[in-house]
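[1] Here's my sequence, what's the structure:
(2 chains, ligands or ions: 4)
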2 protein chains.
Amino acid sequence: MKVVIIGAVAGGASAAARARRLDESAEIVLIERGADPSFANCGMPYYIGGEIESREKLIVTSAGMLHDRYRLDVRVRQEALRIDRQAKTVRVRRLENGAEYDESYDKLILSPGAAPIRPELPGIDHPKVYTLRNLDDADLLHAATMGAKRAVIVGGGFIGVEMAENLVRRGVETTLIERNDQILTPWDAEMVAPAAAALRSAGVTLKLGAEAEAFEPQDDGGVTVALKSGEQLSADFVVMCIGVRPENALAKAAGLAIGERGGIRVDETMRTDDPDIYAVGDAVETFDSVTGKPTQIPLAGPANRQGRIAADNCFGRESRYRGTQGTAIVGACGVTAAMTGLSEKACRRLGVAFEKVYVHPASNAGYYPGAEGMTLKLVFDPENGRVLGAQGVGGKGVDKRIDVLAMALQAGMTVYDLEESELCYAPQYGSAKDPVNMLGFVAAGLLRGDHPVEHAHRLLDCELGDSFVLDVRSPGEHAAGAVPGATNINIDELRERLGELPKDRRIVAYCKVGMRGYLATRLLRQHGFDAVNLSGGFTKYERFVA
Amino acid sequence: MKVVIIGAVAGGASAAARARRLDESAEIVLIERGADPSFANCGMPYYIGGEIESREKLIVTSAGMLHDRYRLDVRVRQEALRIDRQAKTVRVRRLENGAEYDESYDKLILSPGAAPIRPELPGIDHPKVYTLRNLDDADLLHAATMGAKRAVIVGGGFIGVEMAENLVRRGVETTLIERNDQILTPWDAEMVAPAAAALRSAGVTLKLGAEAEAFEPQDDGGVTVALKSGEQLSADFVVMCIGVRPENALAKAAGLAIGERGGIRVDETMRTDDPDIYAVGDAVETFDSVTGKPTQIPLAGPANRQGRIAADNCFGRESRYRGTQGTAIVGACGVTAAMTGLSEKACRRLGVAFEKVYVHPASNAGYYPGAEGMTLKLVFDPENGRVLGAQGVGGKGVDKRIDVLAMALQAGMTVYDLEESELCYAPQYGSAKDPVNMLGFVAAGLLRGDHPVEHAHRLLDCELGDSFVLDVRSPGEHAAGAVPGATNINIDELRERLGELPKDRRIVAYCKVGMRGYLATRLLRQHGFDAVNLSGGFTKYERFVA
Ligand SMILES: Cc1cc2nc3c(=O)[nH]c(=O)nc-3n(C[C@H](O)[C@H](O)[C@H](O)COP(=O)(O)OP(=O)(O)OC[C@H]3O[C@@H](n4cnc5c(N)ncnc54)[C@H](O)[C@@H]3O)c2cc1C
Ligand SMILES: Cc1cc2nc3c(=O)[nH]c(=O)nc-3n(C[C@H](O)[C@H](O)[C@H](O)COP(=O)(O)OP(=O)(O)OC[C@H]3O[C@@H](n4cnc5c(N)ncnc54)[C@H](O)[C@@H]3O)c2cc1C
Ligand SMILES: CC(C)(COP(=O)(O)OP(=O)(O)OC[C@H]1O[C@@H](n2cnc3c(N)ncnc32)[C@H](O)[C@@H]1OP(=O)(O)O)[C@@H](O)C(=O)NCCC(=O)NCCS
Ligand SMILES: CC(C)(COP(=O)(O)OP(=O)(O)OC[C@H]1O[C@@H](n2cnc3c(N)ncnc32)[C@H](O)[C@@H]1OP(=O)(O)O)[C@@H](O)C(=O)NCCC(=O)NCCS
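    Ligands and ions are numbered 1, 2, ... in the order given. A predicted model of the protein is given here:
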């Protein structure tokens, strides 16, 4: 059996290593356009920023090691030009001298990844307008960063945000421009506001709703970025981080099926519509494990696992990919944002019925030093309580809770299951009622009708004009900032002051995060008031105002 | 409705707060023997050690707050003496003056907790032989620690280990004696060896297999601890941490059913065999969610959730407890040990068929600074791959993986599900193939027959006398320490040196952690050798030797 693999990094190298473990006698050829196989794409921003000090660390497994340990035939600086599906060969060019040859295969695995998008804007070809995909790019950016004063990053996705963190780490004055009105668009806007705030307070100039229109050379060798608004930003260099596009050229030319958004179409075995050609990683269209709909999520975990599955199937094993769940995480100057499954906006876009709750717990017991705050949002099925997705933002422990919720989602668990989850508790690690239990409590309470909630944006949108807004926080908290027009009655005095409340109006009760508001809601409803709790409290409200 | 609750801390206070949320008009009385309701038992060791600086922090919710916010009638320094089930009253004594009165109830919830065991040993009543249960105890120990030179802790469970960490933090020369040959007996021995090593290197003198026999007063006011071995240890004070016993006296006297190990018997609604009496927390016997068998696990998470469930049922809600999973965590001088579900020894004790695997991954991508190592052990059903339990020990990220695996266990997931889990990955948080995936890969590979394994203890027990032991690490690694009698052939040269291996003997291949050993096993088996992989590699082997 001879397996040829195109692309020798996350998906390709994983497929190759697995293939060798499955078959000692197989011939396994890896064709890689770049200089290095198996490198740490995900580490590059941190190498540029100096957090990872040595470039060598980015070479996860060298070509030599891949040969010695796995007897893989790794051919770097060679490019696959086209596939002849009839002849079952790949045309390959040696980049150092342009020589070409045909390589035959029994099974072919495509893992060519995705290329950073470079929109056709005037001046985009300026040598100081960079993208970041491979080690050559990283070297250029590493060099550009040294001694640079100002940089502009275009695009506030993962890579844009990571680059911003790392450029400020290097002392570069950094402006991040993002077309949308939020960074990190897979998340719901209110869930990434704290990440945006963290970037800002670390010194990043964040321009939301701003779009680059052209790049003009400067006399000093720098670039001026012209925005649609008319504003001009002067920079020593620019990094384009506006997303990636599947490298589908080979597949397309070979007549393989391609999805609407450009991903190579594969089935659950990672097979394309040619029985001898598999495709994995950033280049493919898979399906969303929650909705079953086509999706393209360019992340390393799925790429690695898909590579393993493709190898299995090449050797007759019936491994199946279960779809991509959309679990993702990013660090932004000390704030972590993580998510899994469907966001609220994805539900709206897809017309999926959902309910949502927020909690604002601490990473661990409040009485133990070093506890850090976080916000968690759970999106779930309003009928049966099944978890549809979760998002978290804040300090330490966000990754843990989203991983836990990713398992809940994978297992098809409900909010009632989360109420009863039994998680690790000692004061330095968590709480006796873990944040995940808390999400379960609040969500299950909502479904049981214990505490109807109202959402902050509706207050802002004046859709609740006739409601009585009740602030149940302490007078001190109220004085420091409150919803306009709210009446303040401390929760602890509420029972004695019921007379001050209207029986004929809807009461929207709120506190800092929702807990006292919940208590007030329970209390008032039992006294015959039409009360609801402001979900997420003033904390969430402020984030919507921001 | 009038609810009386005995014990106002984890289970009791949770039940009371929930009861109020369920019913604004209920009368809710809490009887608490101690001076404070709702305090942080779990924080006490860290207060004694100074990590938590102020005692106030341990009062999670004061009696005043419980009254103001929840209108709970909290009666501290009052002890429930007996229950009259016929009359539905509780006899209560005010501890400050000895006055007694009867309190009637519609529903009674018992959450009296568990008392530290004080074995009847000579001299046990010495005033410097402490236990740690409540704030009075914490005050005494806090005072005893100040200026003390030497202390002896008897018992290496959670509390003993936490006390050891905290006494050395205070600069006290600390000896921890433990009757068993390991600390933290719920874990398998090899999984807590690193925690023991951490205690030792922090300065704790750890004596395993040592038992206290008597306590003798010293002239300077200290205590001499006499061990069964004849050894005498001199100490300024002693802390007895040999476990707890359910406070079942009230329940027993009232004729309620009591389990074999002393826990009050309850059903899934937390109801005792009296329809109006519920019991929760450390005082009760519940059932193991994995085996369904009776169990008593005195931890705060279960106590809190059981309190909530008992309150629900008092008010006619059909909440059900799903059993205790045994999720637990402890910090030991920088090393974290965590577990969930069944250990290997629990499986053996109960006759549950199991298979097990170990992995030794890093907390996050190795190329990102600050990655810390850990060992994970997965115990699973050899037939269908269902997760039965997991244990972890090491640096950061252990709590996360055990929480993730706790969810897998709760959901009834299999090792095949773990292969496909989609967890958060960016280099500072995890790996593209998360440690949890890795457990899934290794375990699933084992079940699929890809790599038969052999276990370290069998090598040690000389049960494998006729096997050929093959060290596939580098010569440098081999020279630094190896299994006696092993032949060293670097994995990278193995294919060329097959001639040096016997075809007629079983080959046990090993490397550092099991990964190259796995590769060697695959390679050799495909070349017709009868090869197996040493599970967990030399790392695990050394831990068994230790
Ligand atoms: C800066 C950066 C940071 C990232 N951070 C994260 C993160 O934190 N977490 C995360 O999950 N993911 C992250 N990712 C994404 C992750 O790296 C990708 O999802 C993953 O590498 C995709 O694997 P792949 O095998 O599909 O493609 P790649 O790893 O990109 O490999 C494709 C390879 O194929 C080669 N190739 C393409 N066409 C040809 C051809 N015709 N002939 C020969 N060779 C060819 C390319 O040179 C390339 O090396 C990051 C990516 C970048 C760029
Ligand atoms: C030092 C220490 C550290 C711990 N660390 C952890 C940890 O890190 N993680 C974890 O999960 N668990 C930990 N625990 C265990 C946890 O505190 C208990 O599991 C939990 O508190 C049990 O709740 P409970 O309501 O059953 O009992 P408790 O919280 O002990 O409350 C019982 C209360 O009932 C009162 N009482 C008893 N009898 C009567 C009576 N007749 N009349 C009136 N009042 C009465 C007692 O005074 C006591 O205050 C720790 C415990 C201790 C002591
Ligand atoms: C490095 C690379 C070649 C590794 O591929 P790999 O060998 O499949 O993956 P790992 O090194 O994680 O090893 C996993 C294998 O080791 C086995 N293994 C791991 N620990 C083990 C242990 N203790 N005992 C036995 N087997 C073990 C696993 O079972 C798995 O084998 P399987 O797939 O046959 O079941 C590939 O992942 C790569 O190139 N990565 C870098 C690029 C990249 O991912 N970039 C994006 C992220 S920055
Ligand atoms: C402090 C104590 C009285 C709290 O009891 P509690 O009010 O039930 O628990 P919490 O404060 O965690 O609050 C949980 C409640 O708030 C609700 N809640 C939490 N965050 C919310 C939010 N953002 N919006 C709405 N509701 C919220 C939850 O739904 C839950 O209510 P429910 O049970 O009715 O569903 C009790 O746990 C206690 O005494 N603890 C200290 C003792 C102890 O546990 N010791 C051992 C560990 S150290």
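[2] Next, the buried residues of stretch A:399-413.
    Judged by neighbour count (16 or more other C-beta atoms under 10 Å in any protein chain shown), stretch A:399-413 contains these buried residues: A:399-411, A:413. For the C-beta atoms, the positions are set from N, CA and C on the backbone; glycine is no exception.
[3] what about that stretch, average pLDDT?
    In this model, stretch A:399-413 carries a mean pLDDT of 98.
[4] likewise stretch A:314-331?
    Here the average pLDDT along stretch A:314-331 is 97.
[5] Can you show me the strands along the stretch 401-546 of chain A?
    A:453-454, A:468-471, A:487-488, A:507-510, A:531-534 (DSSP state E, counting those that start in this stretch).
[6] and these as TSV, adding distance to residue A:520, mean neighbour count and mean pLDDT?
    As requested, those are exported to TSV (distance: least, C-beta to C-beta, whole Å; neighbours: other C-beta atoms under 10 Å in any protein chain shown; pLDDT from 0 to 100):
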stretch	distance to residue A:520	mean neighbour count	mean pLDDT
strand A:453-454	12	22	92
strand A:468-471	7	24	96
strand A:487-488	12	16	96
strand A:507-510	4	28	96
strand A:531-534	7	27	95
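[7] Residue A:177: which of the ones you listed is closest?
    Within the strands of the stretch 401-546 of chain A, the stretch nearest residue A:177 is strand A:531-534; the backing value is 33.3 Å (C-beta to C-beta).
[8] does that closest one come close to chain B?
    No - using C-beta under 8 Å from any C-beta of the partner chain, strand A:531-534 stays clear of chain B, with a minimum separation of 11.8 Å.
[9] Show the model's pLDDT score for residue A:89.
    Reported pLDDT for residue A:89: 98.
[10] Once you drop chain neighbours, what's closest to it?
    The spatial neighbour of residue A:89 that comes closest, neighbours along the chain excluded (C-beta to C-beta, 6 or more residues apart in numbering or on different chains), is residue A:102 at 4.3 Å.
[11] where's the one you found, which helix or strand?
    strand A:100-104 (DSSP states H and E).
[12] tell me the centre residue of chain A?
    Compute the mean C-alpha point of chain A, and by C-alpha atoms, centre = their mean the closest residue is residue A:328, 3.8 Å away.
[13] OK, contacts around it?
    Shown in contact with residue A:328 (C-beta atoms under 8 Å, 6 or more residues apart in numbering or on different chains): A:158, A:186, A:297, A:299, A:338, A:339, A:340, B:424.
[14] How many residues are close by the residue of chain A found nearest ligand 1?
    Here chain A gets closest to ligand 1 at one residue, residue A:281, 2.1 Å apart by C-beta to the nearest ligand atom. Neighbour count of residue A:281, defined by other C-beta atoms under 10 Å in any protein chain shown: 34.
[15] how about the lowest-mean-pLDDT helix or strand in chain A: buried residues?
    Confidence across the helices and strands of chain A bottoms out at helix A:456-460, with a mean of 80, counting by mean pLDDT, DSSP states H and E. Of the residues in helix A:456-460, those buried by neighbour count under the rule 16+ other C-beta under 10 Å are A:456, A:459.
[16] and what of stretch A:87-104?
    So for stretch A:87-104, counting by 16+ other C-beta under 10 Å, buried means A:88, A:89, A:90, A:91, A:92, A:93, A:103.
[17] hang on, the fifth one in a strand?
    Yes - Residue A:92 sits within a strand when classified using DSSP: H, G, I helix; E, B strand; the rest coil.
[18] can you pull the contacts of it?
    A:31, A:75, A:78, A:79, A:80, A:81, A:100, A:101, A:102, A:103.
[19] Pull up the residues of the stretch 201-350 of chain A that are close to chain B.
    By C-beta under 8 Å from any C-beta, the residues of the stretch 201-350 of chain A that approach chain B are A:289, A:299-305, A:308, A:321-322, A:324-331, A:336, A:338, A:340.
[20] Which of those residues fall in helices?
    Among these, the ones falling in helices (DSSP state H) are A:300, A:301, A:302, A:303, A:304, A:305, A:308.
[21] For the stretch 401-546 of chain A, what lies in contact range of ligand 4?
    For the stretch 401-546 of chain A, the residues in contact with ligand 4 (C-beta under 6 Å from any ligand atom) are A:432, A:433, A:438, A:441, A:442, A:445, A:513, A:514, A:515, A:518.
[22] show me what contacts the fourth one?
    Residue A:441 makes contact with A:419, A:433, B:308 under the criterion C-beta under 8 Å, 6+ apart.
[23] If we use 6 Å, what do you get?
    Residue A:441 makes contact with residue A:419, according to C-beta atoms under 6 Å, 6 or more residues apart in numbering or on different chains.
[24] now the farthest one out in chain A, which residue is it?
    residue A:499 (48.7 Å).
[25] coming back round to it: would you mind giving the strands of the stretch 401-546 of chain A as CSV with distance to ligand 2 added?
    Shown next, in CSV, are those (distance: least, C-beta to the nearest ligand atom, whole Å):
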stretch, distance to ligand 2
strand A:453-454, 30
strand A:468-471, 34
strand A:487-488, 35
strand A:507-510, 30
strand A:531-534, 28
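[26] Nearest residue to the residue in the stretch 1-150 of chain A that ligand 4 sits nearest to in space, please, no chain neighbours.
    Nearest residue of the stretch 1-150 of chain A to ligand 4: residue A:42, at 33.5 Å (C-beta to the nearest ligand atom). For residue A:42, ignoring the flanking residues on the chain, the nearest one in space by C-beta to C-beta, 6+ apart is residue B:427 at 5.2 Å.
[27] residues near that neighbour, how many?
    26.
[28] swap in residue A:80?
    23.
[29] okay, it: pLDDT?
    Taking residue A:80 on its own, its pLDDT is 98.
[30] Next, count neighbours for the residue in the stretch 151-300 of chain A positioned nearest to chain B.
    Nearest to chain B, among the residues of the stretch 151-300 of chain A, is residue A:300, at 3.9 Å (C-beta to the nearest C-beta). As a burial measure, residue A:300 scores 23 neighbours (other C-beta under 10 Å).
[31] Equivalent analysis for residue A:528, please.
    Around residue A:528 there are 9 residues (other C-beta under 10 Å).
[32] ok, it - contacts?
    By C-beta under 6 Å, 6+ apart, the contact list for residue A:528 is empty.
[33] Mind doing that once more with 10 Å?
    Shown here is residue A:528, whose contacts under the criterion C-beta atoms under 10 Å, 6 or more residues apart in numbering or on different chains are A:498, A:503.
[34] which non-adjacent residue is nearest the residue of chain A found nearest ligand 4?
    Nearest to ligand 4 in chain A, going by C-beta to the nearest ligand atom, is residue A:514, at a distance of 2.8 Å. Leaving aside its sequence neighbours, residue A:514 sits nearest to residue A:537 (C-beta to C-beta, 6+ apart; 4.3 Å).
[35] That neighbour and residue A:469, how far apart?
    12 Å (C-beta to C-beta, to the nearest Å).
[36] Next, show the common contact partners of the two.
    Counting by C-beta under 10 Å, 6+ apart, the residues touching both residue A:537 and residue A:469 are A:509, A:510.
[37] Quick one: low-confidence residue ranges for chain A.
    Applying pLDDT under 70 to chain A flags the ranges A:461-464, A:546.
[38] Can you get me a residue count around residue A:170?
    The local packing of residue A:170 (other C-beta under 10 Å) involves 17 other residues.
[39] what's near enough to touch the residue nearest to it when sequence neighbours are not counted?
    Distances taken as C-beta to C-beta, 6+ apart put residue A:145 closest to residue A:170, at 5.1 Å, once the chain neighbours are dropped. Going by C-beta under 10 Å, 6+ apart, residue A:145 touches A:48-50, A:151, A:163, A:166-167, A:169-172, A:236-237, A:239.
[40] Filter those residues down to the buried ones, PyMOL style.
    Buried residues within these, by 16+ other C-beta under 10 Å, are selected in PyMOL with:
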select buried, chain A and resi 48+49+151+163+166+167+169+170+172+236+237+239
